[in-house]
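Enquirer: A predicted structure for the sequence below; I have some questions about it.
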Amino acid sequence: MTVSKKLLTTAVALILTLTLLPTITLANNEITVTINNQPIAFADQGPVIVDGRTLVPVAGVFQALGFTTQWDGDTRQVTITRGSDTIVVTIDSSTFTTNYINHNLDVPAQIINGRTMLPIATMLRSVGYEVSWDGESRTVAITFSSQAMPEPTPEPEPDVTEEADYAEAQEEVEEAEEVTPEPTISQALVGSWNWSTFRPFYVFEADGSGMMVETPINWVTSNGLLFVCVTPDVCGDRCIAPDEWYYVVDGDTLTLTSRTLPMTYVYTRVQSEPVISQVLVGSWDWSTFRPFYIFEANGSGMMVETPINWVARNNVLFVCVTPDSCGDNCIGPDEWYYVVVGDTLTLTSRHFPVTYTYTRAE
């Protein structure tokens, strides 16, 4: 009887163990991570929730966003970089740094099943992403732009059979759709972009026209999306066409991810020689600083009372506050997308969400 009881106890324990293990695995696998509504696939170890915080494999999300990662086994540190952003996090530490600024963590980075797991929300927010959690679907949603991407309005199936009734139902659905921001021309995209053997593949002009290989196009941007009209006369004034892409410009790299299909392409900017843009030459007032900028035709100038050098390239203005550190090409830390319309100059930072407007001095 004793042996039978032991066997029975062992069998019950084994059944309980086998019953519980899949539950834990399924709970982990139920967590979904999306980037602009596109789900991310994880090779082996998926996201987990630790003390109310979601931890993800560094290779899963950060590399999908274009970051490079480096592991230092001696210091147990992960360094994550992309463009001018650098994140450094130490395993089991309650802090991390982004561009040398300290941030606190509620839950430290950890190694789980041999994978480095990082707290996704706090770290991505430190480099400008928006991260939200949907508890009902157990989904972590990551978006590129400063505004949340609009969710598509589901289209109801009309309970009609006649063609006229169906058209009327479609009009009602379109009227109920969510209003999106007015389209604009993103200055970060203006220029020529190479892909594979196509040099260039895209040419985006500042007036919204352009070329795709040898095909004329129109284009606009809206709420983090690039709309490309391959047949401009079909698109109308707003140029909303079937080619719709989430876009990210990181320095001279353009990443386009299809809004509807699982496709991502990476393009490189066609580099032009630095020039002195004649439309910038002159004096420009801003606020009470009259003038704020003086751009001379020889590439020298002043910023308030500080001597500068300057050039323009690929629709970007480079301002060197310390000319002797810039070299012949004057590629300095102040980099601005510029637009001149009449006597108005608009500068948008290449790296920060700031825009300034100047007026040409009398």
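Expert: Arrived safely. Numbering: from 1, shown residues only.
Enquirer: Let's see the pLDDT reported for the nearest residue to Asn315 once chain neighbours are set aside.
Expert: Excluding the flanking residues, the one nearest Asn315 by Cβ to Cβ, 6 or more residues apart in numbering is Val190, at 4.5 Å. (Each C-beta comes from the backbone N, C-alpha and C, glycine too.) Looking at Val190, its pLDDT reads 85.
Enquirer: Contact partners for Val190?
Expert: Counting by Cβ atoms under 8 Å, 6 or more residues apart in numbering, Val190 touches 204-206, 314-315, 337.
Enquirer: how does it look with 6 Å?
Expert: 204, 206, 315 (Cβ atoms under 6 Å, 6 or more residues apart in numbering).
Enquirer: The second one belongs to a strand, doesn't it?
Expert: No - assigned with DSSP: H, G, I helix; E, B strand; the rest coil, Ala206 falls outside any strand and is coil.
Enquirer: re earlier: can you tell me which of the contacts of Val190 is nearest Gly83?
Expert: When these are ranked by distance to Gly83 (Cβ to Cβ), Asn315 comes first, at 18.0 Å.
Enquirer: Would you mind measuring from the residue nearest to Asn315 to Arg290?
Expert: According to Cβ to Cβ, to the nearest Å, Val190 and Arg290 sit 29 Å apart.
Enquirer: for the record, mean pLDDT for the helix or strand harbouring Asp285?
Expert: Using DSSP states H and E, Asp285 maps to strand 282-286. Mean pLDDT, computed over strand 282-286, is 94.
Enquirer: all strands of the stretch 1-150 of the chain, in order?
Expert: Remark: strands assigned in the stretch 1-150 of the chain by DSSP state E, counting those that start in this stretch are 32-35, 38-39, 48-50, 53-57, 68-72, 77-82, 85-90, 95-98, 101-104, 110-112, 115-119, 130-134, 139-143.
Enquirer: quick one, which of those is nearest to Asp243?
Expert: Among those, strand 38-39 comes nearest to Asp243, with 16.5 Å by Cβ to Cβ.
Enquirer: And for the closest one, what's in contact with it?
Expert: Contact with strand 38-39 is made by Thr32, as judged by Cβ under 6 Å, 6+ apart.
Enquirer: Now it: average pLDDT?
Expert: Mean pLDDT, strand 38-39: 82.
Enquirer: Given it, what are its sheet partners and their directions?
Expert: Strand 38-39 sits in its sheet next to strand 32-35 (antiparallel), going by DSSP bridges.
Enquirer: just how off-centre is the strand it pairs with within its chain?
Expert: 14 Å (Cα atoms, centre = their mean, to the nearest Å).
Enquirer: can you list contacts of it?
Expert: Counting by Cβ under 6 Å, 6+ apart, 39-40, 47, 61, 139-142 sit against strand 32-35.
Enquirer: Kindly export it (C-alpha atoms) in PDB.
Expert: Extracted in PDB, the C-alpha atoms of strand 32-35 (Å, rounded to 0.1, in the frame of the first residue of the first chain):
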ATOM      1  CA  THR A  32       2.100  40.500 -29.000                       C
ATOM      2  CA  VAL A  33       4.400  43.400 -30.000                       C
ATOM      3  CA  THR A  34       3.500  45.500 -33.000                       C
ATOM      4  CA  ILE A  35       5.400  48.300 -34.800                       C
END
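Enquirer: Return the set of buried residues in that strand.
Expert: Within strand 32-35, the residues that qualify as buried are 32-35, counting by 16 or more other Cβ atoms under 10 Å.
Enquirer: got CSV for these, with pLDDT and distance to Tyr358 too?
Expert: What follows is the buried residues of strand 32-35, written out as CSV (pLDDT from 0 to 100; distance: Cβ to Cβ, whole Å):
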residue, pLDDT, distance to Tyr358
Thr32, 86, 46
Val33, 86, 42
Thr34, 86, 40
Ile35, 84, 36
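Enquirer: Among the residues you listed, which pair sits farthest apart?
Expert: Farthest pair in the buried residues of strand 32-35, by Cβ to Cβ: Thr32 and Ile35, 11.1 Å.
Enquirer: Please name the bridge partners of the residue nearest to Gln63 when sequence neighbours are not counted.
Expert: The spatially closest residue to Gln63, leaving aside those adjacent along the chain, is Thr69, at 6.5 Å (Cβ to Cβ, 6+ apart). Beta-bridge pairing for Thr69 (DSSP bridges): Ile80.
Enquirer: just Pro307 next, same as before
Expert: Met302.
Enquirer: 474 is where my numbering starts, stick with that
Expert: Will do, 474 is the new start, and the previous item becomes Pro780.
Enquirer: got any ranges where this protein has weak pLDDT?
Expert: Along the chain, segments meeting pLDDT under 70 span 474-502, 617-655, 704-715, 745-747, 795-806.
Enquirer: Pop the domain breakdown of it in here.
Expert: For the chain, the structural domains run 505-616, 664-742, 755-833, going by automatic domain parsing.
Enquirer: and the gap between Ser659 and Val693?
Expert: Ser659 sits 9 Å away from Val693, going by Cβ to Cβ.
Enquirer: repeat for Tyr738
Expert: For Tyr738, the distance to Val693 - Cβ to Cβ - is 19 Å.
Enquirer: Who has more neighbours out of these two?
Expert: Using other Cβ atoms under 10 Å, the more surrounded residue of Tyr738 and Val693 is Val693, with 22 against 14.
Enquirer: Give me the distance from stretch 583-603 to the chain's centre.
Expert: With Cα atoms, centre = their mean, you get 16 Å for stretch 583-603.
Enquirer: end to end, how far does that stretch reach?
Expert: From its first residue to its last, stretch 583-603 covers 23 Å (Cα to Cα, to the nearest Å).
Enquirer: residues in contact with that stretch?
Expert: With contact meaning Cβ under 6 Å, 6+ apart, stretch 583-603 is reached by 518, 526-531, 551, 558, 560, 571, 576, 578, 580, 582, 604, 615-616.
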